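Colleague: Need a 3D model of the sequence below.
(one chain, ligands or ions: 2)
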Amino acid sequence: MLYATTTASDKRRAFREALASGRLLRLPGAFNPLSARLIEAKGFDGVYVSGAVLSADLGLPDIGLTTATEVTTRAGQIARMTNLPALVDADTGFGEPMNVARTVQGLEDAGLAGCHIEDQVNPKRCGHLDGKDVVDDETALRRIRAAVDGRRDPDFLVVARTDARAVVGLDAAIDRARALVDAGADAVFPEALAGPEEFAAFRAALDVPLLANMTEFGKGTLLTAQQLTDLGMNIVIYPVTLLRLAMGAASAGLDEILASGTQAGLLDRMQTRADLYDLLDYPSYSHFDEDVFNFRL
Ligand SMILES: C[C@](O)(C(=O)O)[C@H](CC(=O)O)C(=O)O
Ligand SMILES: [Mg+2]
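Modeller: Ligands and ions are numbered 1, 2, ... in the order given. All right, here's what the predicted structure looks like:
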């Protein structure tokens, strides 16, 4: 009721332990706090907070327009409604290395279990768009060092994302990832890989946990959880999937209302009032209320 009962430090510890187990952790992107509860209820391992979704939610493209404050606030709203660990997309860290450190501290305070910081130039853009660019080695490494030095909870997971594959090729991207790990990254997110062979190449080159981005309509192919497990991946994110599903359903629903003059034919595709109340945990609130106000003389 009200908020999750698990503390942020317990979520971080649990995330670390789950990662150490070696099984693939599945993190769908929550497009709001309520959807984080659904992700938890279905039994997933964690919740992802996507920069693309956060921007789209504001009606903006994913081209580095959102601020650290907006991302931290929204990520905190999502993280506190679930007992699952939440991993957030911190883009380039929102500035110079000192800003990156401050971003990480803000995310810790907001209850996140970890974040990823990428090596794109500012302003960044969606990793699956053409025309993106990456910073030089020293700048990329300083960002990760700042994130690692900035965190106060050693369990807060710092994931280094590299966008280098699409810019300078696979081998250089692997070299970049190795350097990011040497700089202190706990895990690596190789962005926009072309296919399974490239995931395998990253796995062979690195010992740290690897994150696979299964975003739709992007540069790569959609691999199953089993394929990703076989490739030695440790975390998979489905960043925009729920938003795309929800918006697809909303669009079809609006068309149906326009065409038929009523939403009556859509009821079987809707979350029912009972299911919504269940997810919101209405019974606990009634109980709480009764305990406070119910007294007899
Ligand atoms: C993972 C990602 O950074 C995100 O913001 O969710 C995006 C996803 C997308 O735009 O499909 C990305 O750059 O891959
Ligand atoms: Mg992003």
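
Colleague: gap between residue 246 and residue 30?
Modeller: Applying Cβ to Cβ, to the nearest Å, the value for residue 246 to residue 30 is 11 Å. Every residue, glycine included, has its C-beta placed from N, CA and C.

Colleague: the more surrounded of these two?
Modeller: residue 30 (32 against 13; other Cβ atoms under 10 Å).

Colleague: Contacts only, for that one.
Modeller: Contacts for residue 30 were tallied using Cβ atoms under 8 Å, 6 or more residues apart in numbering; they are 36, 39, 47, 48, 49, 78, 82, 86, 242.

Colleague: Excluding chain neighbours, what is closest to it?
Modeller: Distances taken as Cβ to Cβ, 6 or more residues apart in numbering place residue 36 nearest to residue 30, at 3.8 Å, with adjacent residues excluded.

Colleague: That neighbour against residue 82, yeah?
Modeller: Yes: taking contacts as Cβ atoms under 8 Å, residue 36 lies within contact range of residue 82: 4.2 Å.

Colleague: Give me the more crowded residue out of the two.
Modeller: Applying other Cβ under 10 Å to residue 36 and residue 82 shows that residue 36 carries more neighbours, namely 29 against 25.

Colleague: How is that one assigned, secondary-structure-wise?
Modeller: Secondary structure, DSSP: H, G, I helix; E, B strand; the rest coil: residue 36 is helix.

Colleague: Make 730 the first number, not 1, from now on.
Modeller: OK, 730 is where the count begins now, so the last one is residue 765.

Colleague: That one and ligand 2: what is the separation?
Modeller: Look at residue 765 and ligand 2: by Cβ to the ion, to the nearest Å, they are 17 Å apart.

Colleague: Around ligand 1, which positions in this protein sit nearby?
Modeller: Selection of the chain residues close to ligand 1 by Cβ under 6 Å from any ligand atom yields 779-781, 791, 818, 855-857, 920, 942, 944, 947, 968-969.

Colleague: repeat that for 8 Å
Modeller: Neighbours of ligand 1 within the chain, by Cβ under 8 Å from any ligand atom: 758, 777, 779-784, 791, 818, 820, 847, 854-858, 890, 920-921, 942, 944-947, 966, 968-969.

Colleague: Sort out for me which of those residues are in strands.
Modeller: Mapping the residues of the chain next to ligand 1 onto strands (DSSP state E) picks out 777, 818, 847, 890, 942, 966.

Colleague: Out of those residues, which comes closest to residue 837?
Modeller: The closest of those to residue 837 turns out to be residue 818 (Cβ to Cβ; 15.8 Å).
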